[in-house]
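A.B. asks: Prediction below, plus the sequence it came from.
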Amino acid sequence: MSVSKVLIIGGVAGGASAAARLRRLNEQVEIILFEKGEYISFANCGLPYYIGGDIKNKADLTLQTPLGFKKRFNIDVRTFNEVTAINKDKKTVTVLNHNTNETYEESYDILLLSPGAEPIRPNLEGINLSRVFTLRNIPDTYRIKDYIDNNAPKTAAVIGGGYIGVEMAENLVQAGLSVTIVEMQNQVIAPLDFDMASILHNELERNGVTLKLETALEKIEEQGSSLNVVTNKGAFDADMVILAIGVKPETKIAAEAGLKLNQRGALIVDDNMKTSDDFIYAAGDAVEVTDFITNEKTVIPLAGPANKQGRIAADNICGIKSEYRGTQGSAVLKVFNLTAASTGITEKQAKQLGLNYEKSFTISASHAGYYPGAKEMFIKTIFDKETGKVLGAQIVGSEGVDKRCDVIAAAVNFNATVYDLTKLELCYAPPYSSAKDPVNMAGYVAENILKGISKIFHYHDVSSLPKDGSVNLIDTRTKGEYRLGHIDGFINIPVDSLRERMNEIDKSKPVYIVCQIGLRGYLACRILSGYGYDCYNLSGGYALYKEIIK
């Protein structure tokens, strides 16, 4: 099929990447990109950091201008031109030029949709008040920043604890505000499990953020100089409100054109990014994707997948066979002094799907312990009990979190197992890692579990352990560590004294061991197992336990 004219609706990640790829592949095709706003390519993931002051120059948010796009790629960029209808039968679109208020039609050989997703605004009282903001684009960012600069608000409520909500909370604190997050679920950041999110809860609270979890917004009322934020658990005052409840695909014109959508309103596309119409492709936050791990259909609005989808659509438009293999949800987030990253599925999803999985927690230093400045990172690995296939991972720490999660993301993408993680030869020098990298350590621990070398129990099992003497409860840390905090019922026998004090442990009863991060507990269990004890080690140790159990 000869393609001489391609129309693209929407820029940013999906549309702009598709346009650039199209031009690189075909110098002759006419490409018109429509954007209803002013900006075609901007750093949407960087918007909160302009509000917080880390990004100081407005111009740094704009990645590409219409003039720059025209000069470099010879693409006709029409900003303030909103496509209001798709006429599939005629292969035209109807466009409203907001500068002239005129309507016109434009024909196409191929149409590419990249409308993105829009913030959810629930139908609640006060949701459209002037001091209630959403954050999707550069004008939204300027409105929030100007309000802060001109009105000097002291308090803010962030409704929603997802990526945008948490990033906004941090940056509002950095801008000098006192911030409250209101979240309906029992945790922030849904792509993490509760245990890993708990570490972020602690970090948010350490930095002055008030968390109102399992709390639903009911309405927002004007109350003099402030707003009254009313929830199902009471009300509080705020000078401004940021809505970060989530996003939904912006597919109104696609629906009106009769293109197939899923129940969440996302465009259904095939592996080539083609919609239900042979002449219309789609990419970005408005499309349904396949979960790489589970093969289930879902919607995962992330910039990385959107860029790839735009490129793949362009390839197929130009006759180059290219397929999108699915999304595994790899993401990373800064939360004050911590970094949280995830890839693949969570334990929540594994449970919902009825998978035969196991999990392990490891705590490793970001680099060699003898080199100054090493910081701990918590790694949760989800893997198949039978095959050892890595299903997902979540990491929270400071330095090196993104690197380790990227390594595991690549492993997931190539269907690797935890046994493969032990074999990875990763870069090592004392300032950057250890000879056994944290990724290797996660593999070793999981391998020991699967091979029956190590038996474990988890933080959520502790409360059900009997305290009637029917099991042995042993804390193998030093006396000093034990005095600083311990789990009730566990007696202190340091691992280095274990062989001499083994007579204090009843061999006829199971032994449950806790140490600081799991390593000494593992060593203790290997010693005891060598003498015929049935021993279980607390995965993640006391360090993880105290982050979660309050």
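C.D. replies: Good, I have the coordinates.
A.B. asks: C-terminal to the lowest-mean-pLDDT helix or strand in the chain, what's the next element?
C.D. replies: Ranked by mean pLDDT, DSSP states H and E, the weakest helix or strand in the chain is strand 41-42, scoring a mean of 62. For strand 41-42, the following helix or strand on the C-terminal side (DSSP states H and E) is helix 47-52.
A.B. asks: helices or strands next to that next one in the packing?
C.D. replies: helix 138-151, helix 163-174 (3 or more C-beta pairs under 8 Å, 6 or more residues apart in numbering; DSSP states H and E). No exception for glycine: its C-beta is placed from N, CA and C like everyone else's.
A.B. asks: need those helices in JSON lines with distance to residue 14, can you?
C.D. replies: Shown next, in JSON lines, are the helices and strands packed on helix 47-52 (distance: least, C-beta to C-beta, whole Å):
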{"stretch": "helix 138-151", "distance to residue 14": "17"}
{"stretch": "helix 163-174", "distance to residue 14": "18"}
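A.B. asks: any idea which of the ones you listed is most buried?
C.D. replies: Mean neighbour count, computed with mean count of other C-beta atoms under 10 Å, is highest for helix 163-174 among the helices and strands packed on helix 47-52, reaching a mean of 24.
A.B. asks: Contacts for that helix next, please.
C.D. replies: Residues outside helix 163-174 that contact it (C-beta atoms under 8 Å, 6 or more residues apart in numbering): 48-49, 51-54, 135, 156, 158-159, 179, 181, 183, 188-189, 200, 204, 207-209, 242, 244, 331, 333-336.
A.B. asks: Output it in CSV, but only the C-alpha positions, please.
C.D. replies: C-alpha atoms of helix 163-174 as CSV (Å, rounded to 0.1, in the frame of the first residue of the first chain):
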residue,chain,number,x,y,z
TYR,A,163,3.1,8.6,40.9
ILE,A,164,1.9,12.1,40.2
GLY,A,165,0.3,12.5,43.6
VAL,A,166,3.5,11.5,45.5
GLU,A,167,5.8,13.5,43.1
MET,A,168,3.5,16.6,43.6
ALA,A,169,3.5,16.1,47.4
GLU,A,170,7.3,16.1,47.5
ASN,A,171,7.6,19.1,45.2
LEU,A,172,5.0,21.1,47.1
VAL,A,173,6.9,20.4,50.3
GLN,A,174,10.0,21.6,48.6
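A.B. asks: could you point out which element follows that helix?
C.D. replies: Note on helix 163-174: by DSSP H and E, the next helix or strand toward the C-terminus is strand 178-182.
A.B. asks: now the angle from that next one to helix 163-174?
C.D. replies: For strand 178-182 against helix 163-174, the angle by axes from the mean of the first three to the mean of the last three C-alpha atoms, to 10 degrees is 160 degrees.
A.B. asks: So for strand 178-182, what gets flagged as buried?
C.D. replies: 179-182 (16 or more other C-beta atoms under 10 Å).
A.B. asks: Then stretch 110-118?
C.D. replies: Residues of stretch 110-118 classed as buried: 110-118 (neighbour count, 16+ other C-beta under 10 Å).
A.B. asks: same question, stretch 335-351
C.D. replies: By 16+ other C-beta under 10 Å, the buried positions in stretch 335-351 come out as 335-336, 338-347, 349-350.
A.B. asks: thinking again about what came up before, comparing the helices and strands packed on helix 47-52 by mean pLDDT, which bottoms out?
C.D. replies: Of all the helices and strands packed on helix 47-52, mean pLDDT reaches its minimum on helix 138-151 (a mean of 89).
A.B. asks: now what about the helix or strand following it, what contacts it?
C.D. replies: Next in sequence after helix 138-151, counting helices and strands by DSSP H and E, comes strand 155-159. Contacts to strand 155-159, defined as C-beta under 8 Å, 6+ apart, come from residues 165, 168-169, 172, 177-182, 217, 226-227, 229, 236-245.
A.B. asks: Could you rerun that using 6 Å?
C.D. replies: 165, 168-169, 172, 177-182, 217, 229, 238-245 (C-beta atoms under 6 Å, 6 or more residues apart in numbering).
A.B. asks: ok and that strand relative to strand 178-182, angle-wise?
C.D. replies: Going by the same axes, to 10 degrees, strand 155-159 makes 20 degrees with strand 178-182.
A.B. asks: Quick check: residue 220 is in a strand.
C.D. replies: Yes. The assignment for residue 220 by DSSP: H, G, I helix; E, B strand; the rest coil puts it in a strand.
A.B. asks: What strand or helix carries the closest residue to it other than its chain neighbours?
C.D. replies: Spatial nearest neighbour of residue 220, excluding adjacent residues (C-beta to C-beta, 6 or more residues apart in numbering): residue 126 at 3.2 Å. For residue 126, there is no enclosing helix or strand under DSSP H and E.
A.B. asks: pretty sure residue 126 contacts residue 219?
C.D. replies: Yes. Residue 126 is within contact range of residue 219, at 5.3 Å (criterion: C-beta atoms under 6 Å).
A.B. asks: the more surrounded of those two?
C.D. replies: Per other C-beta atoms under 10 Å, whichever of residue 126 and residue 219 has more neighbours is residue 126, with 18 against 13.
A.B. asks: contacting residues for that one?
C.D. replies: By C-beta under 6 Å, 6+ apart, the contact list for residue 126 reads 219-221.
A.B. asks: about what we covered before: out of the helices and strands packed on helix 47-52, the one nearest residue 195 is which?
C.D. replies: helix 163-174 (17.0 Å; C-beta to C-beta).
A.B. asks: separation between residue 187 and residue 336?
C.D. replies: 17 Å (C-beta to C-beta, to the nearest Å).
A.B. asks: Find the residue closest to residue 368 in space, skipping its chain neighbours.
C.D. replies: Distances taken as C-beta to C-beta, 6+ apart place residue 430 nearest to residue 368, at 4.0 Å, with adjacent residues excluded.
A.B. asks: For that neighbour, the count of nearby residues, please.
C.D. replies: Residue 430: 14 neighbours (other C-beta under 10 Å).
A.B. asks: Residue 423 now?
C.D. replies: Neighbours of residue 423 (other C-beta under 10 Å): 10.
A.B. asks: So it versus residue 407, what's the distance?
C.D. replies: The gap separating residue 423 from residue 407 is 12 Å, by C-beta to C-beta.
A.B. asks: same thing with residue 263?
C.D. replies: Residue 263 sits 35 Å away from residue 407, going by C-beta to C-beta.
A.B. asks: who has more neighbours, those two?
C.D. replies: residue 407 (21 against 7).
A.B. asks: where in this protein is pLDDT low?
C.D. replies: For the chain, the stretches flagged by pLDDT under 70 are 1, 41-44, 62-64.
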